[in-house]
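S.K.: here is my input; please provide its structure:
(one chain, ligands or ions: 1)
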Amino acid sequence: MSIYLEGAKAPVDSEITAFDLEVTGSIPEELEGRWLRNGPNPFGPVDAEAYHWFLGDGMIHGVRLRGGKAEWYRNRWVRGRDLAEKLQEQPPEGSSFGDSGFSPNTSVIGHAGTTFALVEAGTTPVAMKYDLETIGYDNFGGTLPGAFSAHTKFDPVNKELHAVCYAYPDILDRLQHVVIGEDNRVKKVTDIPIEGMPMVHDMSLTEKYAIIYDLPVCVDLDLAIAGDPFPIAWQNDRQSRIGLLPRNGQASDIIWCEAPSCYVFHPVNAFEVSEGQDENKIIIDLCRYERVFQKDLKGPAGDTPSQLARWTVDPATRTVSEEIVSDMAHEFPAHDPRTVGRRHRYAYTAVGFDLGPTYRTDMETGEVLFHDHGEGRFGGEPIFVPREGSTSEEDGWVLVCVNDRMGSPAELVILEANNIEEKPIARIHLPQRVPDGFHGAWVPDSVVSPDE
Ligand SMILES: [Fe+2]
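M.R.: Numbering: from 1, shown residues only. Presented below is the predicted three-dimensional model:
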């Protein structure tokens, strides 16, 4: 059996719609929209020996909030072509890059009126209806030249959506930095020549730069030749580096900087420093693993835990210095979305892949506060939602799906960001277990309206 098919990671086998959910406490009336979360949930029997956690069919869980009420819960598989066939349903609209039939399983976002299920490494985004029914593959109206990514960065000032994408083996020799406009159309693509097929899971954004992570986790040729469906492994001999791509520049303008030997699935945020001792440097907060995909080739949980670190990048010397801010296990980082690419103070994290609280770390002082969800309960990826009209990073809520190792139904818990240790202001009782998964979003109705 695989640890990625058991216990809290075991898939659920049905799709549920439930209305008027029971709530303990009170939901802030300002929260009008959907909490959504994607994750792998293989349909039907799977070969447990061969199963890789990153390859299960995507399933989105969603809760709609309005007027202080939790109006509905839905969970729906993302109907990629292959899954639609297995379900004996009509195929989704459109087709995917590389003729992929995969169901994106890694994240879900709302952008410019559309909900998208996303995955890296080739499959085109899948557009979803408000009620989480699948529409189909959507390559931004034919403007996306290659693959996309599970992780995007939305610039809150100019409203651009950025991603760093790859699609081995269809595109072997380069990454692509893609910028999407407010019209859901690609407005800029930069080809970035790269060797060795690194797995580039996420990116960072500052006001001037898109930051490329070129780290020593790559397609492993021996595994690929042996037919491994996920031939990704740690590469001992590869130098870590990050690339600073000027947002208005080309690949030849990239400033490559040597970085610590590690892997980063998820940065918290990055920003440029304009004064003080770090003037002209770039700060990146991130969750870093000493090793991943070295011993455990079926998922990220079996090598080393991730630590919360601050990298200080000096473009002049092309160097990166590292400070470990907290050596407890931190993963699934979140921060105030109004500070993307700008100075932030707080990082919200989960423990990662096992039991644990929700952390709030002050990245300036290193103080770590946490919310203990109770015995046998663990919090998934936190999402920070600012209170509308506020300007303080402390003024908002943290939404987190809390699971119970004993198999009780999950809860969507709402914490006050500046009182994270206190009891939740609302616990929304979901009608079933929500398997451990990956990434989600708070999608306000002002971004994707119920009518679209
Ligand atoms: Fe991720």
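
S.K.: just give me the neighbour total for the nearest residue to residue 7 once chain neighbours are set aside.
M.R.: Take residue 7 and drop its neighbours on the chain: the residue closest to it by C-beta to C-beta, 6 or more residues apart in numbering is residue 405, 6.8 Å away. To be clear about C-beta, it is placed using only N, CA and C from the backbone, and glycine gets the same treatment. By other C-beta atoms under 10 Å, 13 other residues sit near residue 405.

S.K.: what residues are up against residue 405?
M.R.: Taking C-beta atoms under 8 Å, 6 or more residues apart in numbering, we find residue 405 in contact with 7-8, 355, 376-378.

S.K.: now swap in residue 182 and tell me
M.R.: Contacts of residue 182 by C-beta under 8 Å, 6+ apart are 112, 159.

S.K.: kindly report the same for residue 63.
M.R.: Contacts of residue 63 (C-beta under 8 Å, 6+ apart): 21, 34-35, 70, 72-73, 412, 428, 430.

S.K.: can I get those residues in JSON lines with distance to residue 138 and neighbour count?
M.R.: What follows is these, written out as JSON lines (distance: C-beta to C-beta, whole Å; neighbours: other C-beta atoms under 10 Å):
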{"residue": "21", "distance to residue 138": "30", "neighbour count": "20"}
{"residue": "34", "distance to residue 138": "18", "neighbour count": "29"}
{"residue": "35", "distance to residue 138": "22", "neighbour count": "24"}
{"residue": "70", "distance to residue 138": "28", "neighbour count": "23"}
{"residue": "72", "distance to residue 138": "24", "neighbour count": "18"}
{"residue": "73", "distance to residue 138": "25", "neighbour count": "25"}
{"residue": "412", "distance to residue 138": "27", "neighbour count": "26"}
{"residue": "428", "distance to residue 138": "30", "neighbour count": "25"}
{"residue": "430", "distance to residue 138": "28", "neighbour count": "23"}
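
S.K.: identify those among these that sit within strands.
M.R.: Within the contacts of residue 63, residues falling in strands by DSSP state E are 34-35, 70, 72-73, 412, 428.

S.K.: mind checking the SS state of residue 222?
M.R.: helix (DSSP: H, G, I helix; E, B strand; the rest coil).

S.K.: ok, back up a step: list the ones among the contacts of residue 405 that fall in strands.
M.R.: 377-378.

S.K.: could I get the contacts of residue 405 as a markdown table with neighbour count, pLDDT and distance to residue 171?
M.R.: As requested, the contacts of residue 405 are exported to a markdown table (neighbours: other C-beta atoms under 10 Å; pLDDT from 0 to 100; distance: C-beta to C-beta, whole Å):
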| residue | neighbour count | pLDDT | distance to residue 171 |
| --- | --- | --- | --- |
| 7 | 13 | 86 | 37 |
| 8 | 20 | 86 | 36 |
| 355 | 15 | 65 | 39 |
| 376 | 12 | 88 | 45 |
| 377 | 19 | 91 | 43 |
| 378 | 23 | 90 | 38 |
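
S.K.: which parts of stretch 436-446 are buried?
M.R.: 436-445 (16 or more other C-beta atoms under 10 Å).

S.K.: ok, now stretch 405-419?
M.R.: By neighbour count with 16+ other C-beta under 10 Å, stretch 405-419 contains the buried residues 410-418.

S.K.: sorry, back to before: what's the closest of the buried residues of stretch 436-446 to residue 161?
M.R.: If you rank the buried residues of stretch 436-446 by distance to residue 161 using C-beta to C-beta, residue 441 comes first, at 12.3 Å.

S.K.: relative to residue 43, how far out is residue 393?
M.R.: 40 Å (C-beta to C-beta, to the nearest Å).

S.K.: likewise residue 85?
M.R.: 11 Å.

S.K.: next: residue 372.
M.R.: 35 Å.

S.K.: compare these two and say which is more crowded by neighbours.
M.R.: Legend: neighbour count by other C-beta under 10 Å for residue 372 and residue 43, higher for residue 43 (16 against 11).

S.K.: who's in contact with the more buried one?
M.R.: So residue 43 contacts 11, 57, 77, 83, 86-87 (C-beta under 8 Å, 6+ apart).

S.K.: restricted to strands, list those.
M.R.: Those of the contacts of residue 43 lying in strands (DSSP E): residue 77.

S.K.: report the buried members of the contacts of residue 43.
M.R.: By 16+ other C-beta under 10 Å, these give 11, 57, 77, 83, 86 as buried.

S.K.: hmm, back to that, tell me which of the contacts of residue 43 is nearest to residue 237?
M.R.: The closest of the contacts of residue 43, once distances to residue 237 are taken by C-beta to C-beta, is residue 57, at 35.0 Å.

S.K.: from residue 137, how far out is the spatially closest residue to that closest one that is not a sequence neighbour?
M.R.: Distances taken as C-beta to C-beta, 6+ apart place residue 103 nearest to residue 57, at 4.5 Å, with adjacent residues excluded. Taking C-beta to C-beta as the criterion, residue 103 is separated from residue 137 by 11 Å.

S.K.: which neighbours do those two share?
M.R.: Contacts common to residue 103 and residue 137, judged by C-beta under 8 Å, 6+ apart, are 80, 126.

S.K.: neighbour count winner among the two?
M.R.: Shown here are residue 103 and residue 137; by other C-beta under 10 Å, residue 103 has more neighbours (30 against 22).

S.K.: and the pLDDT at that one?
M.R.: Reported pLDDT at residue 103 in the predicted model: 98.
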